[in-house]
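A.B. asks: Structure of the sequence below:
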Amino acid sequence: MLYFLLPLKKYRWTVLLAANVFFYAVAGYRYAAFILFTTASTYGAALWIERLAKNSRALLKSKKGEWSRDEKKKHKSRVDRNKRLILALALVLNFGILAYLKYFGFFAGSLNSLLGPFGINLSVPVIKVLGISFYTFQSMGYIVDVYREKVTAQRNPLRLLLFVSFFPQIVQGPISAYSQLGNQLFEPHDFDFTRFKHGCELILWGFFKKLIIADKTAIAINTVTAGYNSYCGTTLTFTILLYALQLYADFSGGIDISRGVAQILGIDMIENFKRPYFSRSISEYWRRWHISLGAWMKDYVFYPIAMSGLFLGVSKKIRGTRFGKCAAGAHIAKVLPTSVASLIVFLLVGIWHGASGKYVAFGVWNGGIIMLSILIQPLFDALAAKLHINRECFAFRLFQMFRTFLVVLVGYVFDVAPTFSQSIRTFVLFFTDWNFALGRSQIASLGVSLREYIVVLVFTMVLFTASVIQERHAEDGVNIRQLLDAKPFALRWAVLFAGVISIVIFGVYGSGYNAADFVYMQF
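C.D. replies: Have a look, this model is predicted:
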């Protein structure tokens, strides 16, 4: 409440900065130098780029009528080149640090396996910097936006540090654009009871998903991954289904907590999940899942690749061939840049998750499916027309959701399996090792009792019901907390009381558990 009590409203942002410093001091003070370096390099590079642009415009204005068109063009080209060099330097430095910290262990381990027989062993220090992926992506998005002149460079380094290190999102996002979050952080906000109430409800909902569903199912999943090769295809199938539930409840629950804290402070962070398992295609799934990462990749990777001269040139050449004159060729020429860009984006998403063959496979699987669906979309359209399929009927929409969920589950195999080779073995076991009796006994020995499985099932139905209600009101822009506001006072408090009691009674607590551990902390 210190934030709202500070009488000098224009300095309230300093309370948030102090909270960031405290949070990082407690959670990861040993590696504070990394986030300070990112802030400092981003601050300096952004100001430098903006200064070059302003000086260039001023010079062009002063030379109006003196310089020829070629001289102006040459000057602009030189300034643009210098701006790109500064931008490239900032990107290489910061993404280089991220790559070193995330992937050096992988490459050093691979070298050790090759050089081990010769008695050579590389010492690999394990350094895990809290939130480095998220604040690096957010900072680099800011500097690109300054380069594109979409935002003005921040002149106060402490304000930029606040944007880079905003504590509710440092653990697992969402990744926010400066244009969306920056001004909200610096503007003074007065206490608002409705925002306070809705923020607390969102935090409660996040803890509900995290402690009751995610942390209970994590017990079984961790048991399987610890002895992965010991389990039959039935158990592994059950584990993948559990993982789909655990990952969503853990990640979206953590984001709900973060957004709830920010909302109490008067700050709106972007929604990172929109019922992804209701998606009717894998493309739609990725528009609903980890929305902020998808938006970042779209703005800073997808569009630059899709609009690059290389792919546009290839597309143009295809159009000029005999193949390009037919319907299929014209379609391929049209969608080639976007389909290839999608594949590259998801390859990078896979690598972002980790330096391992299984994560590369995860990216290739998702990107490949999206690329293939774009390329053969006319075939699907023609088939649907020929079979007179009503694509908007409930049965077909349900089929599309089920089909998409299966595609997503295949991708999750790469997440759960410890290695790429074990993920391939898992696919084989899905079809060759179905043993219900053995599976039943193995599932019963995963550290989760039948009573706890029933608890998970019951509260998953609560989550599903709430998701259906949210989905029905999505077009109206009304969230479930606003719907709850319209209910009688007694019902509202009964629902909230039931939520608190459920967390207290059924949540996972005790030694060996840490509610602050989230799946996406490792990324």
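A.B. asks: I'd like the distance between L2 and F186.
C.D. replies: Counting by Cβ to Cβ, to the nearest Å, the gap from L2 to F186 is 17 Å. Every residue, glycine included, has its C-beta placed from N, CA and C.
A.B. asks: Which one of these two is surrounded by more residues?
C.D. replies: F186 (16 against 10; other Cβ atoms under 10 Å).
A.B. asks: mind listing what that one touches?
C.D. replies: 13, 159, 162 (Cβ atoms under 8 Å, 6 or more residues apart in numbering).
A.B. asks: The second one touches K10, doesn't it?
C.D. replies: What it means is R159. No: when contacts are counted by Cβ atoms under 8 Å, R159 is not listed as touching K10 (11.7 Å).
A.B. asks: L161: which element?
C.D. replies: L161 belongs to helix 157-165 when elements are defined using DSSP states H and E.
A.B. asks: Just the pLDDT at the closest residue to S308 other than its chain neighbours, thanks.
C.D. replies: Take S308 and drop its neighbours on the chain: the residue closest to it by Cβ to Cβ, 6 or more residues apart in numbering is P337, 7.7 Å away. The model reports P337 with a pLDDT of 85.
A.B. asks: P337: what's it in contact with?
C.D. replies: 305-308, 311-312, 314-315.
A.B. asks: measure the residue of the chain positioned farthest from its centre to L60 for me?
C.D. replies: Note on the chain: the largest C-alpha distance from the chain mean falls to E66, namely 51.0 Å (Cα atoms, centre = their mean). Distance of E66 to L60, given as Cβ to Cβ: 10 Å.
A.B. asks: ok so, going back, settle it for me: which of R159 and K10 has more neighbours?
C.D. replies: When neighbours are counted by other Cβ under 10 Å, R159 and K10 differ, and R159 comes out ahead with 17 against 10.
A.B. asks: which element is G294 on?
C.D. replies: helix 291-297.
A.B. asks: Grab the CA positions of the helix or strand following that helix and hand them over as PDB.
C.D. replies: Counting by DSSP H and E, the next helix or strand C-terminal to helix 291-297 is helix 303-306. C-alpha atoms of helix 303-306 as PDB (Å, rounded to 0.1, in the frame of the first residue of the first chain):
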ATOM      1  CA  TYR A 303       7.300  -9.900 -40.400                       C
ATOM      2  CA  PRO A 304      11.000  -9.100 -41.200                       C
ATOM      3  CA  ILE A 305      11.500 -12.600 -42.600                       C
ATOM      4  CA  ALA A 306       8.200 -12.700 -44.500                       C
END
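A.B. asks: what packs against the strand or helix carrying F137?
C.D. replies: Using DSSP H and E, F137 sits within helix 132-147. Helix 132-147 is packed against helix 32-62, helix 69-115, helix 157-165, helix 178-186, helix 291-297, with contacts defined by 3 or more Cβ pairs under 8 Å, 6 or more residues apart in numbering; DSSP states H and E.
A.B. asks: would a markdown table of these with mean pLDDT and distance to F399 be doable?
C.D. replies: A markdown table is the format used below for these (pLDDT from 0 to 100; distance: least, Cβ to Cβ, whole Å):
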| stretch | mean pLDDT | distance to F399 |
| --- | --- | --- |
| helix 32-62 | 92 | 46 |
| helix 69-115 | 83 | 39 |
| helix 157-165 | 95 | 44 |
| helix 178-186 | 93 | 36 |
| helix 291-297 | 93 | 25 |
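A.B. asks: Mind putting these into JSON lines with distance to F414?
C.D. replies: Listed next are those as JSON lines, based on distance: least, Cβ to Cβ, whole Å:
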{"stretch": "helix 32-62", "distance to F414": "29"}
{"stretch": "helix 69-115", "distance to F414": "16"}
{"stretch": "helix 157-165", "distance to F414": "31"}
{"stretch": "helix 178-186", "distance to F414": "32"}
{"stretch": "helix 291-297", "distance to F414": "17"}
